[in-house]
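K.L.:
just a sequence and a predicted model for now, questions to come.
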Amino acid sequence: MESKDLDVLRTAIQRFVSLSEEEWTMLTPALQYRDLARGGDWIREGQKELHVGMVLEGNMRHYYTRDGEEKTTYFYFENHLVSSYFSAITGKPSELTIEALTDSRLLTFPYAHLKSLYDRSPKWERFGRLLAEYVAMGLEERMAGLLMMSPEERYLQLLQGNKQKIIGRIPQHYIANYLGITPVSLSRIRKRLGEK
């Protein structure tokens, strides 16, 4: 295991809690690498989530399928934790698919191991709570955007917010899908904004 990869994961976890060396080493024996080729799946709808991963390299997207139509709801980049979190917590099959949009490399650990740390360490239990709060806030923000904002407002939010790497690194048809519009509608919005 390369120390720079361990540092990336530890830094991400320490955005939630500060871990001592002893607390950090409670996780490290469970860590493994996982490589996904472009188009490969972290998890497919109907599978049970068993792991949590940290994206070291690559882009991934998170989507639901309804009546054969994909609905993109999230993108993952380097330094993002990735999981079908509700499936991991409940043990039920995932309702979403997480797909690699580029060749991707991840550092992973079993969710069951993380859950066991909750009982062994107050810091790890705090991490679990804060991570759940972070996921809940992201879901509420996404839901509010879809319900309260026009597609153009959602696109402007991408341009101006902390999600600008979506514009630079994700294919346009996936951005349109994420915004809930067709690629043609996205082209019209971009043209209109370019004229302003």
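P.N.:
Yep, that arrived.
K.L.:
let me see the contact set for Thr97.
P.N.:
Thr97 is in contact with 41, 43-45, 62-65, counting by Cβ atoms under 8 Å, 6 or more residues apart in numbering. All C-beta spots, glycine's among them, are computed from the backbone N, C-alpha and C.
K.L.:
sort out for me which of the residues you listed are in strands.
P.N.:
Using DSSP state E, 41, 43, 62-65 are the members of the contacts of Thr97 that sit in strands.
K.L.:
re earlier: if any of the contacts of Thr97 are buried, give me the ChimeraX selection for them.
P.N.:
Selecting only the buried members of the contacts of Thr97 in ChimeraX, with burial defined as 16 or more other Cβ atoms under 10 Å, works like this:
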select :43,45,62,63
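K.L.:
what's the lengthiest helix in the chain packed up against?
P.N.:
With secondary structure taken from DSSP state H, the chain has its longest helix at helix 122-148. In this structure, helix 122-148 makes packing contacts with strand 69-76, helix 111-120, helix 151-160, judged by 3 or more Cβ pairs under 8 Å, 6 or more residues apart in numbering; DSSP states H and E.
K.L.:
with adjacent residues omitted, what lies nearest to Tyr118?
P.N.:
Spatially, and ignoring its direct neighbours in sequence, Tyr118 is nearest to Glu125 (4.3 Å; Cβ to Cβ, 6 or more residues apart in numbering).
K.L.:
what sits against that neighbour?
P.N.:
By Cβ under 8 Å, 6+ apart, the contact set of Glu125 is 117-119.
K.L.:
how about those residues in CSV, adding distance to Gly91 and pLDDT?
P.N.:
Formatted as CSV, the contacts of Glu125 follow (distance: Cβ to Cβ, whole Å; pLDDT from 0 to 100):
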residue, distance to Gly91, pLDDT
Leu117, 18, 97
Tyr118, 16, 96
Asp119, 17, 95
